[in-house]
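Engineer: Got a predicted structure plus its sequence, pasted below:
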Amino acid sequence: MTDVDLDTEPARYPPPAPRRGWPVLAVLVLAVLVFLVGGAGGAYQGKLTEVQKNDNAAFLPESAESTVAANEAATFVTVQTIPGFVVYHRDGPLTPEDRASIARAGEAVAGVDGVDATGMTPTQYSADGTTAAQYVPLVAKKDGTDVTGDQLAATEQQVMDAAKSAATAELEVLPAGPGGLLVAFIDAFEGLDSTLLFAAVLVVIAILLVVYRSPVLWFFPLLSAGLALGLSSMLIYLLAKAEVLTLTGQSQGILMVLVLGAGTDYALLLISRYREELHHFPNRFDAMIRAWRESAPAITASALTVVLGLLCLGFSELNSNKGLGPVAAIGIGCTYLVMMTFLPVFLALAGRWVFWPRIPHVDHAADLATHGWWGRIAAAVGRRDRPAWVGATALLVVLFAVGIGSLHTSGLTSAENFTNTPDAVSGQQIYDTHFDPGTGAPAVIVTNADQVDAVMAAAAATPGVSTAPGSVCLQVDYAKLAELAKLGAGTGSALPTGCPPPILTVQPIDGRTVVNATLADSYDSPEALATVDRLRDAVHAVPGADALVGGSTAATADVQAASVRDRNVIIPIVLAVIFVVLALLLRALLAPVILIATVVLSFAATLGVCGFVFTHVFHFAGADPSFPLFAFVFLVALGIDYNIFLMTRVREEAQRHGTRSGVLRGLAVTGGVITSAGIVLAATFAVLGVLPLVFLAEVGFAVAFGVLLDTIVVRSVLVPALSHDIGRAIWWPSALSHADR
């Protein structure tokens, strides 16, 4: 290959001063509006938890079997609840004083606002006499109004306070069941507005101080990112409150790091070009106008690619994924708006001093960027392009092969979803050890009443359904039970062994009735999920029953099935969308194919490394089925950003110097800023690990490692070496592919 000496390339001559007109005025007006609205929107950031939905049922579409079953089952009760338990435990046998205090605790818990007291059942005692458990259903929906996550968490806290106050001091009192674990999941996001944001901001400040070597300049992109976060928080809050989109704790966490990371990326690119133009223009406003015009295509294409990639999540069956798409897209859109309006105006008004102590002066020395470390890297890539891209490809293949067999995406139990051990996890472990683990969260079967006996027989014969007496029965009407027994609120009533008499069961409505089937295993275990699949096959086969299986386990199974379907459908759509954007941006067909192929290869290598690290370093039990899709969308959409930043500059240089020289000059000029941007984005996503959730820790690691792999190997070696080796044909079929140079 021809060796191109960057030192012999002609320097850029000072371009004419850019013309100022209505576009500049429009940017000024938008900058003022963004500052005012974004500043006011900061108040909404803390209110986003008010509109979060974090339960499995809220994630599922209306067409899911568990959702349809839940909607039908809801007509048989006045209050919809989430099952939960309070567990009382001591190392030795419970004393008479313990049992008396547990009874008092049950009465106190029943009086807590937000507990369905009529649904409470008598206290269970373990066979070894060391543990007691009270069934405490938490109100999830009453009179058509959903209970918010904050309200549910507050109820759970009041329940635990009441139970602990009444119980003897020697007893360990813990929550358990789906209700307790859901509240633990909600509580895990309490650090979103403090711990996560604080850690992310500190990381960004530290990196920007190193990158800019200025005690002042870091403030400008960080303030802009804060405005973008405020603006996006306001829009998302209003849309979530109106139920236009679904906001989860995961989406909110990803939104924060995405806005900070992407915003800093865009700022780095703009500021780098601004610094470059300040070497040419004595007037800083002229320099900013030129920098804005030169960097706008790359930043716009980058933002558009990410937004469109995220909006592809709208093809998901899961409401959580459908919500993440617009939530993150709004974040990127607001970030782009702020970084292309407020940031350039703010910087230009501030003056050159913000770069102190390395203040750029007019010396027409912008091409010195090609003479430093990245200039030497570019020259090395040009000298040995084919060995470089072959070696880089081989490295990515090896990384993929090393750990892909260790990546298990069959799902996690609720307990395995935490990187720490919340009280609800400890309580669930104690409950599962001492009681029938399937009690309290049965499979809920809605069926035609005239076939209920056949459905119950089919359910009872299903492997994995508990064989204890009364495990498959018509649903109890607890309100009627309380009324007939003349019970005090929530003290419960003992049911006969086996199924309750008909007078205590729900009556058919429109020819339909409800059967509860207790599973032999814990409701969220892999064994329980397999049982639900068998149970569905069994009851669906009953002629004329039109049976549907719902409940907590069925909802989890439907979420996992939808995650697999979404991965298989959405990934090809995202690739097609990115290809179209790249083809339009680069005016070529071959270059987009190469760029996408390199990013997909990088994604595959990241999955391999994740499999190894998750299993052998972090010792996670596995990964959620949606993990590959989340990792793909963020890695490919964000990873392609750096190729966009590189190749738009390569195309600009190729038009003046030829393709091979343009590749090396583009790499030399953009190497520092793109690598810095990658480090910032990787660091911000890595901060997701401060929240005690395995899913976010895994996504954070995958994006952080993948972005670094993309910037260091793919964008710095693989893409430029391959492009240099191919030469001008990479621009096929545009006119640039036929240029003489």
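Structural biologist: That came through fine. Numbering: from 1, shown residues only.

Engineer: ok, residues contacting stretch 585-599?
Structural biologist: Here stretch 585-599 makes contact (CB atoms under 8 Å, 6 or more residues apart in numbering) with 297, 301, 575, 578-579, 582-583, 635-636, 639-640, 643-644, 647-648, 651, 710, 714, 718-719, 722-723, 726, 729-734, 736-737. Every C-beta, even on glycine, is put in place using the N, C-alpha and C of the backbone.

Engineer: Could you do stretch 577-584 as well?
Structural biologist: The contact list for stretch 577-584 (CB under 8 Å, 6+ apart) reads 301, 304-305, 308-309, 312, 589, 591-593, 595-596, 636-637, 640, 644.

Engineer: for it, which positions count as buried?
Structural biologist: Residues of stretch 577-584 classed as buried under the neighbour-count rule (16 or more other CB atoms under 10 Å) are 577-579, 581-583.

Engineer: How about stretch 218-237?
Structural biologist: For stretch 218-237, by 16+ other CB under 10 Å, it's 218, 220-237.

Engineer: Model confidence at Cys201, what's the number?
Structural biologist: Let me fix one detail, which is that residue 201 is Val and not Cys. pLDDT, Val201: 85.

Engineer: I'd say it and Leu222 touch.
Structural biologist: Yes. Contact status for Val201 versus Leu222: in contact at 6.9 Å, counting by CB atoms under 8 Å.

Engineer: model confidence over the helix or strand containing Gly106, on average?
Structural biologist: Per DSSP states H and E: Gly106 is located in helix 96-110. Averaged over helix 96-110, pLDDT sits at 94.

Engineer: Any chance you could list what contacts that helix?
Structural biologist: 86, 88, 90, 94, 115, 117, 120, 123, 125, 132, 134, 136, 159, 162-163, 165-168, 170-171, 173, 488-492.

Engineer: repeat that for 6 Å
Structural biologist: Helix 96-110 is contacted from outside by 88, 117, 120, 123, 132, 134, 136, 159, 162-163, 166-168, 171, 489-490, using CB atoms under 6 Å, 6 or more residues apart in numbering.

Engineer: Buried by neighbour count, from those residues: which ones?
Structural biologist: Applying 16+ other CB under 10 Å to these, the neighbour count classes 88, 117, 120, 123, 132, 134, 136, 159, 162-163, 166-168, 171, 490 as buried.

Engineer: in the protein, which spans are strands?
Structural biologist: 79-82, 85-89, 124-125, 131-135, 138-142, 145-146, 172-176, 443-448, 472-474, 512-517, 548-550 (DSSP state E).

Engineer: Where among the ones you listed is average confidence lowest?
Structural biologist: Within the strands of the chain, the least confident segment by mean pLDDT turns out to be strand 145-146, at a mean of 74.

Engineer: one step back: what's the angle from the helix holding Gly106 to strand 172-176?
Structural biologist: Using axes from the mean of the first three to the mean of the last three CA atoms, to 10 degrees, the interaxial angle of helix 96-110 with respect to strand 172-176 works out to 40 degrees.

Engineer: Using neighbour counts, pick out the buried residues of helix 96-110.
Structural biologist: By neighbour count, with 16+ other CB under 10 Å as the criterion, the buried positions of helix 96-110 are 98, 101-103, 105-110.

Engineer: May I see the residues you listed organised as TSV, with distance to Gly333 added?
Structural biologist: Formatted as TSV, those follow (distance: CB to CB, whole Å):
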residue	distance to Gly333
Asp98	58
Ser101	56
Ile102	55
Ala103	57
Ala105	51
Gly106	52
Glu107	53
Ala108	50
Val109	47
Ala110	49
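
Engineer: What is the nearest of those residues to Gly375?
Structural biologist: Val109 (70.7 Å; CB to CB).

Engineer: Against Trp373, how distant is Tyr237?
Structural biologist: Computed as CB to CB, to the nearest Å, the Tyr237 to Trp373 distance reads 45 Å.

Engineer: Could you pick out the longest helix of this protein?
Structural biologist: Ranked by number of residues, the top helix in the chain under DSSP state H is helix 552-586.

Engineer: So for that helix, what gets flagged as buried?
Structural biologist: Of the residues in helix 552-586, those scored as buried under the neighbour-count criterion (16+ other CB under 10 Å) are 552-563, 566-567, 570-571, 573-575, 577-579, 581-583, 585-586.

Engineer: just to revisit the earlier point, mind checking which of the buried residues of stretch 218-237 land in helices?
Structural biologist: In helices, defined here by DSSP H, the members of the buried residues of stretch 218-237 are 220-237.

Engineer: what's the spacing between the nearest residue to Gln655 once chain neighbours are set aside and Val24?
Structural biologist: Among residues not flanking Gln655 along the chain, Leu736 sits closest, at 6.9 Å (CB to CB, 6 or more residues apart in numbering). Spatial separation of Leu736 from Val24 under the definition CB to CB is 30 Å.

Engineer: Compare neighbour counts for these two and give me the winner.
Structural biologist: For Leu736 and Val24, the more surrounded residue by other CB atoms under 10 Å is Leu736, and the numbers stand at 21 against 17.

Engineer: pLDDT score assigned to that one?
Structural biologist: Note on Leu736: pLDDT of 84.

Engineer: List buried residues within the contacts of stretch 585-599.
Structural biologist: The neighbour-count criterion (16+ other CB under 10 Å) marks 301, 575, 578-579, 582-583, 635-636, 639-640, 643-644, 647-648, 651, 710, 714, 718-719, 722-723, 726, 730-731, 734, 736-737 among the contacts of stretch 585-599 as buried.

Engineer: quick one: terminal-to-terminal distance for stretch 708-720?
Structural biologist: With CA to CA, to the nearest Å as the measure, the first residue of stretch 708-720 is 16 Å from its last.

Engineer: One more: stretch 79-92?
Structural biologist: Its first and final residues considered, stretch 79-92 spans 38 Å by CA to CA.

Engineer: Give me the buried stretch members for that stretch, please.
Structural biologist: Residues of stretch 79-92 classed as buried by neighbour count (16+ other CB under 10 Å): 79-90.

Engineer: just to revisit the earlier point, which of the contacts of stretch 577-584 count as buried?
Structural biologist: Buried members of the contacts of stretch 577-584, scored by 16+ other CB under 10 Å, are 301, 304-305, 308-309, 312, 591-592, 595-596, 636-637, 640, 644.
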